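Enquirer: dropping a prediction and its sequence here:
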Amino acid sequence: MPQSQRGPRVVSLKFVVLSSSGVVGVVASAGSGGSLELRLGGPTGILVGTCRVPVTGGWQTWTTVSCPIAGATGTKDLFVKFTGGSGYLFNVDWWQFAR
């Protein structure tokens, strides 16, 4: 996934939650860092998780982050919203649901 800037960048996915306690991902930031917000139903929908992304010192200096998910069961539309300061925030290498 390319570098993410604050603003309208939102990723929409349809998923089925069978059993998940959270999300794990690998991220990097030479910018201001920020957060990945996990929302149901739309970009301003129910917030079910927030993964903080720290400044790592480089766009390819990766670290693993995790965050709990609460209130998501069944088949849902999941929106991943990138939030933070101005300019480029962070890179996302990958993320997955954790059990």
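Expert: Alright, I've got the coordinates.
Enquirer: so which residue is smack in the middle of the chain?
Expert: For the chain, residue 36 is the residue whose C-alpha lies nearest the centre (C-alpha atoms, centre = their mean; 2.9 Å).
Enquirer: could I get the contacting residues of it?
Expert: Counting by C-beta atoms under 8 Å, 6 or more residues apart in numbering, residue 36 touches 23, 25, 27, 50-51, 53, 67, 80-83, 92, 95. (Glycine included, C-beta is placed from N, CA and C.)
Enquirer: quick one: buried ones out of those?
Expert: Listed as buried from the contacts of residue 36 are 23, 25, 27, 50-51, 53, 67, 80-82, 92, 95; burial here means 16 or more other C-beta atoms under 10 Å.
Enquirer: what about residue 85, neighbour count?
Expert: 12 (other C-beta atoms under 10 Å).
Enquirer: next up, phi/psi of it, please.
Expert: Backbone torsions of residue 85, given as degrees, to the nearest 10, read phi -70, psi -150.
Enquirer: report pLDDT for it.
Expert: For residue 85, the model assigns a pLDDT of 85.
Enquirer: how far away is it from residue 29?
Expert: 10 Å (C-beta to C-beta, to the nearest Å).
Enquirer: which regions of the chain lie under the pLDDT threshold?
Expert: In the predicted model, the chain carries pLDDT under 70 at residues 1-20.
Enquirer: which parts of this protein are strands?
Expert: Applying DSSP state E to the chain gives strands spanning 4-5, 10-17, 22-29, 34-40, 46-53, 58-68, 74-83, 88-98.
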